[in-house]
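**Q** Here is my input; please provide its structure:
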Amino acid sequence: LLLGCELSASTKSYTFQVDEEDDSDHILALSVVCLADGAKDECNVVEVVGRNHENQEIAVPVANLKLSCQPLLSLDNFKLQPPVTFRLAAGSGPVHLAGWHRIMHREDASFEDDDLSEEDEEELPPIMPAKK
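**A** Just a heads-up that it's a prediction; the model follows:
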């Protein structure tokens, strides 16, 4: 499923959450954060607000966009676990966020780590020193 939202001066945050009774695993991946048409040449800081392993709220800036120097940032499918809130911490936007949402049904996940044999694992080539 595709995800898209826009943050602006009038809509400073967007929360993505799933039904708590849902027995599936959800992955939210953020692909691109970019300034949209009508953005001013100011710093626009986008934060991701979630919960850490101690269930405390934590906010992490993921993008600092400015029209004249960095209007777009590729996040290479930055994976998050819902619920998560995207917040425009500075600037007036508009900032567009795009990504995808994957649902993994637990009864469908029959893949187990011990099913892998050593033969199935891919061998990585050795790291070679850089040439000067």
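
**Q** For the rest of this, base every contact and every neighbour count on C-alpha atoms.
**A** OK.

**Q** tell me the secondary structure for R87?
**A** strand (DSSP: H, G, I helix; E, B strand; the rest coil).

**Q** Just give the nearest non-adjacent residue to the residue sitting nearest the centre point of the chain, would you?
**A** Central residue of the chain (Cα atoms, centre = their mean): L30, 3.1 Å from the mean position. In space, and not counting its chain neighbours, L30 is closest to G99: 4.3 Å by Cα to Cα, 6 or more residues apart in numbering.

**Q** Tell me which residues touch the residue nearest to the centre of the chain, please.
**A** L75, D76, N77, F78, K79, L80, L97, A98, G99, W100 (Cα atoms under 8 Å, 6 or more residues apart in numbering).

**Q** between the residues you listed, which is closest to T11?
**A** Using Cα to Cα, L97 is the member of the contacts of L30 that sits closest to T11, with 13.0 Å.

**Q** tally of neighbours for that closest one?
**A** 20 (other Cα atoms under 10 Å).

**Q** Does it touch S8 like I think?
**A** No - at 11.3 Å, L97 does not count as touching S8 under the criterion of Cα atoms under 8 Å.

**Q** how close does L97 sit to V18?
**A** 18 Å (Cα to Cα, to the nearest Å).

**Q** again, but for V62
**A** 22 Å.

**Q** Give me the number of neighbouring residues for K12.
**A** K12: 19 surrounding residues under other Cα under 10 Å.

**Q** do the same with the one 5 residues further on
**A** Counted with other Cα under 10 Å, the neighbours of Q17 add up to 13.

**Q** Now do the contacts for it.
**A** Contacts for Q17 (Cα under 8 Å, 6+ apart) come out as P82, P83, V84.
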